[in-house]
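*Asks:* Make a model of this:
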Amino acid sequence: MDLVPYIKACYAIINVVTFEETRAEMMVLKTAKELKRKIKLWSCTNGFQTTDKDGNLVAEGDAKDQDPVTALLQLRDAPAEKAGEIVVMRDLHMFLGTNPKPVRLLRDIATLFKQNKKTLIIISPIKKIPAELERDITVIELELPNRDEIKSIFDALYTAPAKKVLGDISADEQERIIQGAMGLTFGEADNAFSKAFVEYGSDKRDADQKEPISKLVLREKALAVKKSGILEYFEPKQTINDIGGLENLKGWLKMRSKAFSKKAREFGLPMPRGILLCGLPGTGKSLSAKVASSILGLPLLRFDIGRVFGGLVGDSERNMRTAIATAEAVGSCVLWIDEMEKSFAGMSGGSSGDGGVGQRVFGNFITWMQEKTTPCFIIATVNRIDSLPPELLRKGRFDETFFVGLPSKREREAIIQVHLRIKNQKIDAASLTECVESSDGFSGAELEEAVVTGMYTAFDQDRTLTAADLVAAIKLTNPLSKSKANELKAMAEWASNNAINASKVDAVAKADGSEFASTGRQLQF
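*Replies:* Next up, the predicted model:
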């Protein structure tokens with residue numbers, strides 16, 4: 001945030017919107033020093049304060065100054081010799097509600113300060129400007145700290161005493177630590193570094209047995225990001241081996257995993273935008289999003305768009321801006337939007353009954369998708385493609401659309417084996433043949449549930465799991481491919497012309513009798 005041009009241009013009233021009040025005030029103090037301007041600060045608890053020659057705040061008036069109307073009257077009636085002064089008022093937005101006096105005084109001040117080359121800076125955590133003042137107040141939203149600012153926090157903490165306790169931190173680990181704090185405020189980053197240093201320094205184990213400081217920072221980041229209630233940080237635990245099949249999707253992601261490197265930028269390769277995964281529930285779309293984070297080597301943020309919509313005027317738009325700003329500040333990341341159709345269904349139609357809030361939020365989001373330059377890779381999943389607005393499906397929003405259909409015979413065997421391995425169960429491959437044959441039309445989630453049900457049966461009878469247990473569980477299940485056959489058929493028909501099949505379909509897979517096994521285009525690797 002550079003305030004110098006605004007103050008030189010004699011902007012009368014500026015509203016700096018940020019939760020980082022201290023950081024904003026330090027920027028104002030730096031600006032005042034650079035321009036050799038006098039500065040004073042006001043709050044409803046301390047009244048007016050000025051800075052002495054050492055930069056410390058000292059009281060200027062008396063208790064009456066704590067009243068916002070009295071304070072604004074003093075600013076309006078201040079003598080002309082105080083021209084060029086910078087005034088900072090904290091949380092003035094709270095007094096701009098039903099009382100008309102502060103609003104009228106601010107309109108007077110906007111005219112007078114312009115003439116006297118003064119600037120009033122209102123610092124508030126939210127944007128709340130009455131309609132009467134919209135043309136008089138310039139709004140600046142303070143961005144989250146960039147990489148250099150985050151590094152300065154790290155350098156300030158990683159001093160000689162810290163090095164004595166922590167030891168030498170390699171350049172690569174320092175980069176991971178700094179990158180791990182991207183998306184946090186100054187205070188949050190400082191807290192995350194401090195706590196990570198304390199935890200690491202208190203761990204008496206050998207260095208190769210300790211959790212890296214970067215992981216400790218990421219854990220604190222997960223808590224900080226979660227506070228917004230809109231974004232949620234996930235530490236990816238699933239790997240490429242946790243997905244059975246979907247070779248086309250995995251191959252596509254592997255090819256893009258190198259595209260986030262400096263070498264790719266030098267080559268001129270554009271940054272990948274993201275992918276859309278469509279298919280019936282339980283086919284592995286959400287799991288694929290988590291595994292994509294592991295393949296690409298990027299942190300995973302889950303974006304719950306439903307939580308964007310707030311009850312107060314302006315809340316929804318602000319929440320969307322906050323979520324986008326946080327994702328961009330994090331930098332290289334996977335932004336996972338689950339079941340997108342539930343958030344944006346009907347957005348391209350007529351009136352939604354919400355005063356146009358949904359349309360504005362949707363418009364902000366798709367504009368950002370198109371124009372973003374940060375390495376934020378979006379993975380959106382949908383269960384019903386016909387519920388999505390056509391604006392989301394046009395080229396340029398996503399790099400590619402994948403259809404995640406029902407697994408083929410070969411994939412069903414791989415999926416069962418994955419779940420047996422995860423749950424520490426063993427069944428020889430020959431015995432799995434009947435399970436695979438009897439599970440035609442089953443999704444990955446239904447196969448997992450069959451394994452779990454079979455385990456309950458075996459455990460209840462105090463014996464090991466057998467293939468017969470799985471077959472019995474499979475025969476008790478009515479798969480979605482039957483109960484939702486019409487939806488699956490419609491989606492498969494759409495995907496045949498508009499999507500890539502996430503699975504690699506060969507002659508054997510096509511011959512297994514699965515009606516939708518070959519839906520969508522095929523990739524060659």
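
*Asks:* C-alpha from now on. contacts and neighbour counts both.
*Replies:* Will do.

*Asks:* Low-confidence bits of the stretch 1-150 of the chain, can you list those?
*Replies:* 53-57, 61, 81-83 (pLDDT under 70).

*Asks:* need the helices for it, in chain order.
*Replies:* Here the stretch 1-150 of the chain has its helices, by DSSP state H, counting those that start in this stretch, at 4-8, 21-35, 68-76, 100-116, 147-157.

*Asks:* Would you mind checking the average pLDDT for stretch 380-397?
*Replies:* Across stretch 380-397, the average pLDDT comes to 82.

*Asks:* Let me have the helices of the stretch 1-150 of the chain in CSV, adding distance to Asn46 and mean neighbour count as columns.
*Replies:* Formatted as CSV, the helices of the stretch 1-150 of the chain follow (distance: least, C-alpha to C-alpha, whole Å; neighbours: other C-alpha atoms under 10 Å):
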stretch, distance to Asn46, mean neighbour count
helix 4-8, 25, 15
helix 21-35, 15, 16
helix 68-76, 11, 17
helix 100-116, 18, 18
helix 147-157, 29, 15
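
*Asks:* Which among those helices is found nearest to Arg135?
*Replies:* helix 100-116 (9.7 Å; C-alpha to C-alpha).

*Asks:* what angle separates that closest one from helix 68-76?
*Replies:* Going by axes from the mean of the first three to the mean of the last three C-alpha atoms, to 10 degrees, helix 100-116 is angled at 20 degrees with respect to helix 68-76.

*Asks:* Tell me which residues are up against helix 100-116.
*Replies:* Residues outside helix 100-116 that contact it (C-alpha atoms under 8 Å, 6 or more residues apart in numbering) are 10-13, 68-69, 72-73, 75-76, 80, 83-84, 95-96, 119-120, 130, 132-133, 136.

*Asks:* phi, psi of the residue nearest to Ala445 when sequence neighbours are not counted?
*Replies:* Using C-alpha to C-alpha, 6 or more residues apart in numbering and skipping the chain neighbours, the partner closest in space to Ala445 is Gly282 (4.6 Å). Main-chain torsions, Gly282, degrees, to the nearest 10: phi 90, psi 0.

*Asks:* try Cys278
*Replies:* phi -120, psi 150.

*Asks:* Could you list which residues are in contact with the nearest residue to Gly47 once chain neighbours are set aside?
*Replies:* Among residues not flanking Gly47 along the chain, Gln66 sits closest, at 4.1 Å (C-alpha to C-alpha, 6+ apart). Gln66 makes contacts with 42-48, as judged by C-alpha under 8 Å, 6+ apart.

*Asks:* Recalculate using a threshold of 7 Å.
*Replies:* Residues counted as contacts of Gln66 (C-alpha atoms under 7 Å, 6 or more residues apart in numbering) are 43-47.

*Asks:* What of Ser294?
*Replies:* 236, 239.

*Asks:* could you redo the last one with a cut-off of 10 Å?
*Replies:* For Ser294, the contacting residues are 235-240, 257, 288, 300, 334, by C-alpha atoms under 10 Å, 6 or more residues apart in numbering.

*Asks:* Quick one: which of the residues you listed is the most crowded by neighbours?
*Replies:* Using other C-alpha atoms under 10 Å as the neighbour test, the contacts of Ser294 are led by Val334, with 28 neighbours.

*Asks:* Quick one, grab the pLDDT at that residue.
*Replies:* As summarised for this prediction, Val334 has a pLDDT of 89.

*Asks:* Touching, it and Pro375? I think so.
*Replies:* Yes: if you go by C-alpha atoms under 10 Å, Val334 and Pro375 touch, sitting 8.7 Å apart.

*Asks:* which neighbours do those two share?
*Replies:* Common contacts of Val334 and Pro375, defined by C-alpha under 10 Å, 6+ apart, comprise 273-274, 298, 327.

*Asks:* For the stretch 151-300 of the chain, just list every one of the helices.
*Replies:* With helices called from DSSP H, counting those that start in this stretch, the stretch 151-300 of the chain shows them at 160-166, 171-180, 186-202, 213-226, 247-256, 262-267, 285-296.

*Asks:* which other helices and strands contact the first one?
*Replies:* Under the contact definition 3 or more C-alpha pairs under 10 Å, 6 or more residues apart in numbering; DSSP states H and E, helix 160-166 sits against helix 186-202.

*Asks:* Render the CA-only coordinates of the helix it packs on in CSV, please.
*Replies:* Extracted in CSV, the C-alpha atoms of helix 186-202 (Å, rounded to 0.1, in the frame of the first residue of the first chain):
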residue,chain,number,x,y,z
PHE,A,186,1.8,-9.9,9.8
GLY,A,187,0.7,-10.9,13.3
GLU,A,188,-0.4,-14.4,12.3
ALA,A,189,2.9,-15.0,10.5
ASP,A,190,4.9,-13.7,13.5
ASN,A,191,2.9,-16.0,15.8
ALA,A,192,3.3,-19.0,13.5
PHE,A,193,7.1,-18.5,13.2
SER,A,194,7.4,-17.9,17.0
LYS,A,195,5.4,-21.0,17.9
ALA,A,196,7.1,-23.2,15.4
PHE,A,197,10.5,-22.1,16.7
VAL,A,198,9.5,-22.8,20.3
GLU,A,199,8.1,-26.3,19.4
TYR,A,200,11.1,-27.2,17.4
GLY,A,201,13.5,-25.9,20.0
SER,A,202,11.7,-27.7,22.8
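
*Asks:* which helices and strands does it pack with?
*Replies:* Helix 186-202 packs on helix 21-35, helix 147-157, helix 160-166, helix 171-180, helix 213-226, going by 3+ C-alpha pairs under 10 Å, 6+ apart.

*Asks:* In the third one, which residues are buried?
*Replies:* By neighbour count, with 16 or more other C-alpha atoms under 10 Å as the criterion, the buried positions of helix 160-166 are Leu166.

*Asks:* all helices for the stretch 401-525 of the chain, in order.
*Replies:* Applying DSSP H, counting those that start in this stretch to the stretch 401-525 of the chain gives helices spanning 409-422, 433-438, 444-460, 467-475, 480-483, 485-498, 507-510.

*Asks:* pLDDT (mean, whole number) over the fifth one?
*Replies:* For helix 480-483, mean pLDDT is 82.

*Asks:* so what does that helix touch, helix or strand wise?
*Replies:* Using 3+ C-alpha pairs under 10 Å, 6+ apart, helix 480-483 sits against helix 485-498.

*Asks:* what does the helix it packs on rub up against?
*Replies:* Helix 485-498 has contacts (C-alpha under 10 Å, 6+ apart) with 278-280, 383-386, 393, 400-406, 479-482, 499, 501, 515-521.

*Asks:* Distance from it to the middle of the chain?
*Replies:* From the chain centre to the centre of helix 485-498 is a distance of 31 Å (C-alpha atoms, centre = their mean, to the nearest Å).

*Asks:* next one: stretch 125-140
*Replies:* Distance, centroid of stretch 125-140 to centroid of chain: 27 Å (C-alpha atoms, centre = their mean).
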